[in-house]
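**Q** I would like the atomic coordinates for the input below:
(chains A and B)
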Amino acid sequence: MTASVSIKRGVSLYCFQEEYFHKRKSLEDLLATCARLDVRGIEIIGDQMIRGYPNIPDDFVKHWHGWMDKYGLTPVCLDMFLDWNKFKGRVMTQDERVESIRRDIVNARKLGCGVIRVIHDIEPEILERLAGDAERHKVTLALEVHAPSDLDSPLEQRLIALYESLKCPYLGFTIDLGIYCKRLPRVVSARYLRDGMAPRIAEFLTNSYDHGQLSAVDKKGEDNEKMVENILKLGGREQDIYLAFMGTHMCNSNPRRLLDFMPHIKHVHAKFYEMLSDATEYSIDYNEILPVLVEGGYAGYLCSEYEGNRWIDDAIEVDATEQVRLQQVQLKKLLGQAA
Amino acid sequence: MYDQFMIVGDAFKNVVEDGQVVGFQIGARLPYYRGIVLSLIGDTDLFVDGERMPRETMTVTVDGKTYPLSQLENEPDVKWEFGDVGILTARMPGGLAAGDHTLQLKMHLKISYVPVGFSGSDTKTLTLTA
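**A** Just a heads-up that it's a prediction; the model follows:
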């Protein structure tokens, strides 16, 4: 790979959530950590680290931009949610949903983020209604393609049809690289055992996942039923079924399928569960995925998103800083950037 | 997620009003990775030494304001922020006896983007000092 690679590296502050949860580090401390790791693009979940979100105090905005200057960082992406069931006894109307995301767009602009990671449960009609707002504020709405869905799933296919008819450059996808997960993360199976799952069930889940029997997106309904049936047959507890659903929802799609949809890929979550000491990921093959993004001419951000944290936090202290550092070493190497 | 951090022992004590012990309280955190409005908090059960506290006797206090546990669905704007410790109070004349108690807190959060929402459960044995 050569200097023509224009992919930029970033990090979602989601990675560092434990330190924030335990109030060991403030938002500013975390931003200082990002700078120290030489990862300059910042993604933030409004509901996680901005108190009062979606009402962002003016003071916060001032501090935010001050920190960006002080640490040499760039705001990249705001992650939104739509709690469409928050009102008693009813779901939000379409107007209310549009209004809620309109507010996120204004918030992203205030924070200087050019992209919003749109949560998966948003209907295409809503994005269509927001295309004008997105364009006016120069904020791209990038719906997250996240396991167990991939680009060939029904919603994604409807969105691709919409994107191709609207030709609005401010609508597209965030790709979560957890859709290219080749084997079950071992941090997941190890946690299963610590949570009292019988070894034969953990082994069944690992083997089934690794052989593509839990991750076939197009027939996941059938696979899920079979999974529950098998867990019960192996003497599993109700808790084992919950753990199985929480831990095996990644999938193993073909990254080359990205090449068919490159104009719609606006943002990427570099998902990882466990970085090994040789700076490779245990279950996601970045050596295979990154060249595809380069070949496709992707020019956006690749933001680290660490999700092994929640599978190890019962046993050891989460060291997200070291995990992100290792992933960034790998990303730099694969992007041909100096270490 | 964050299950083992749900019950916060520091706040565990009997609650005294006008010289009378009227109940007890514990500190609590949500088993989730972002702050949410109170109306998304679903079934919440607190067991003390195996006995379930009736929900209608319980309140939640966040940011200094107190809400009946059975009325949280009426609060679509008040947020319980990520990592913040709220206070769960159970009305119970006389409160709990001094000594060790095993507490279990189970919570279900009605997070709409996943079909079953998120659940958490934490069990801790804590000592109540007289």
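**Q** In space, what's closest to residue A:84 - neighbours in sequence excluded?
**A** Computed as Cβ to Cβ, 6 or more residues apart in numbering or on different chains, the closest residue to residue A:84 that is not its neighbour in sequence is residue A:92, at 4.2 Å. Just so you know, the C-beta spots here come from the backbone N, C-alpha and C atoms, and that holds for glycine as well.
**Q** Going by neighbour count, list what's buried in stretch A:174-188.
**A** The neighbour-count criterion (16 or more other Cβ atoms under 10 Å in any protein chain shown) identifies A:174-185, A:187-188 as the buried residues of stretch A:174-188.
**Q** could I get those as a markdown table with secondary structure, pLDDT and distance to chain B?
**A** What follows is the buried residues of stretch A:174-188, written out as a markdown table (DSSP: H, G, I helix; E, B strand; the rest coil; pLDDT from 0 to 100; distance: Cβ to the nearest Cβ, whole Å):
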| residue | secondary structure | pLDDT | distance to chain B |
| --- | --- | --- | --- |
| A:174 | strand | 98 | 14 |
| A:175 | strand | 98 | 17 |
| A:176 | strand | 97 | 13 |
| A:177 | helix | 97 | 19 |
| A:178 | helix | 95 | 14 |
| A:179 | helix | 94 | 16 |
| A:180 | strand | 95 | 21 |
| A:181 | strand | 94 | 18 |
| A:182 | coil | 94 | 24 |
| A:183 | coil | 94 | 22 |
| A:184 | coil | 94 | 18 |
| A:185 | coil | 96 | 15 |
| A:187 | helix | 96 | 13 |
| A:188 | helix | 95 | 13 |
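**Q** Point out the residues in chain B that sit beside chain A.
**A** Neighbours of chain A within chain B, by Cβ under 8 Å from any Cβ of the partner chain: B:1-5, B:29, B:33-37, B:39-40, B:73-74, B:76, B:79, B:81-83, B:110-113, B:116, B:119.
**Q** Show only the entries of these found in strands.
**A** B:36, B:37, B:79, B:119 (DSSP state E).
**Q** List, one by one, the residues from the stretch 51-200 of chain A near chain B.
**A** Contact residues, the stretch 51-200 of chain A versus chain B (Cβ under 8 Å from any Cβ): A:51-53, A:81-89, A:119-121.
**Q** Can you say which of the residues you listed are buried?
**A** Buried members of these, scored by 16+ other Cβ under 10 Å, are A:51, A:53, A:81, A:82, A:83, A:84, A:85, A:86, A:87, A:119, A:120.
**Q** Turn these into a markdown table, including secondary structure.
**A** Shown next, in a markdown table, are those (DSSP: H, G, I helix; E, B strand; the rest coil):
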| residue | secondary structure |
| --- | --- |
| A:51 | coil |
| A:53 | coil |
| A:81 | coil |
| A:82 | coil |
| A:83 | coil |
| A:84 | coil |
| A:85 | coil |
| A:86 | coil |
| A:87 | coil |
| A:119 | coil |
| A:120 | coil |
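**Q** quick one: least confident of the residues you listed?
**A** The lowest pLDDT within those belongs to residue A:120, with 93.
**Q** wait, doesn't it sit right on residue A:149?
**A** Yes. Residue A:120 lies in contact with residue A:149 (Cβ atoms under 8 Å); the separation is 6.9 Å.
**Q** got any residues that touch both of those two?
**A** In terms of Cβ atoms under 8 Å, 6 or more residues apart in numbering or on different chains, residue A:120 and residue A:149 are both contacted by the residues residue A:155.
**Q** what's near enough to touch the residue most central in space within chain B?
**A** Residue closest to the mean C-alpha point of chain B, counted by Cα atoms, centre = their mean, is residue B:88 at 3.7 Å. Contact partners of residue B:88, counting by Cβ under 8 Å, 6+ apart, are B:25, B:26, B:27, B:28, B:44, B:46, B:58, B:59, B:60, B:69, B:105.
**Q** go again using 6 Å as the cut-off
**A** Applying Cβ atoms under 6 Å, 6 or more residues apart in numbering or on different chains, we find residue B:88 in contact with B:26, B:28, B:60.
**Q** of these, closest to residue B:51?
**A** residue B:26 (14.6 Å; Cβ to Cβ).
**Q** And the closest one, which helix or strand is it part of?
**A** strand B:20-28 (DSSP states H and E).
**Q** now for that strand, which elements pack on it?
**A** When contacts are defined as 3 or more Cβ pairs under 6 Å, 6 or more residues apart in numbering or on different chains; DSSP states H and E, strand B:20-28 packs onto strand B:7-17, strand B:86-91.
**Q** how about 10 Å then?
**A** strand B:7-17, strand B:41-48, strand B:58-62, strand B:86-91, strand B:99-109, strand B:118-128 (3 or more Cβ pairs under 10 Å, 6 or more residues apart in numbering or on different chains; DSSP states H and E).
**Q** In that strand, which residues are buried?
**A** Going by neighbour count (16+ other Cβ under 10 Å), the buried part of strand B:20-28 is B:22, B:23, B:24, B:25, B:26, B:27, B:28.
**Q** So for that strand, mean pLDDT?
**A** 97.
**Q** same thing with stretch A:98-117?
**A** Across stretch A:98-117, the average pLDDT comes to 98.
**Q** buried set for that stretch?
**A** A:98, A:100-101, A:104-105, A:107-111, A:113-117.
**Q** Likewise for stretch A:155-163?
**A** A:156, A:159, A:160, A:162, A:163.
**Q** now do stretch A:204-216
**A** A:204, A:205, A:206, A:208, A:209, A:214, A:215.
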